[in-house]
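Enquirer: Got a sequence here, can you build the structure:
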Amino acid sequence: MFYIRKVKDDNISQYRNISTWTEGVYLENLRKMGGEKRLKVAFQLYEMAVNLSKQNIIESNPSITGKELKKKLFERFGYDTGRFAGKGRR
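Expert: Numbering: from 1, shown residues only. This is a model prediction of the structure:
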């Protein structure tokens, strides 16, 4: 079982339970989709993760430049930052 951490400003005193049932329903729905639709959902989820990461990095580093932001995103997603700078292994 997983639990979502309570947000400081949250008035709800309980943690919400995310059951394995929810994951099963999600996977079942993915299996019902065609390959093209699953791929579209995957790209949408990836884009959402990138946008959330960007927002978090910018909030943590308000004066960050575009180049620094891109480098931090590469690091966060586990990409080779040497390659980003043109120094990667080929």
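Enquirer: From here on, just use CA atoms for contacts and neighbour counts.
Expert: Fine.
Enquirer: for this protein, which helix is longest?
Expert: The helix of greatest length in the chain, counted in residues with DSSP state H as the criterion, is given as helix 35-60.
Enquirer: packing partners for that helix?
Expert: Based on contacts counted as 3 or more Cα pairs under 8 Å, 6 or more residues apart in numbering; DSSP states H and E, the elements that helix 35-60 packs against are helix 66-76.
Enquirer: Next, the buried residues of the helix it packs on.
Expert: Within helix 66-76, the residues that count as buried by 16 or more other Cα atoms under 10 Å are Leu69, Lys71, Lys72, Leu73, Phe74.
Enquirer: Let me have those in CSV, adding pLDDT and distance to Ile57 as columns.
Expert: Rendered in CSV, the data for the buried residues of helix 66-76 read as follows (pLDDT from 0 to 100; distance: Cα to Cα, whole Å):
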residue, pLDDT, distance to Ile57
Leu69, 95, 7
Lys71, 92, 11
Lys72, 93, 8
Leu73, 92, 8
Phe74, 90, 12
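Enquirer: quick one: which of those is nearest to Val25?
Expert: When the buried residues of helix 66-76 are ranked by distance to Val25 (Cα to Cα), Leu73 comes first, at 30.9 Å.
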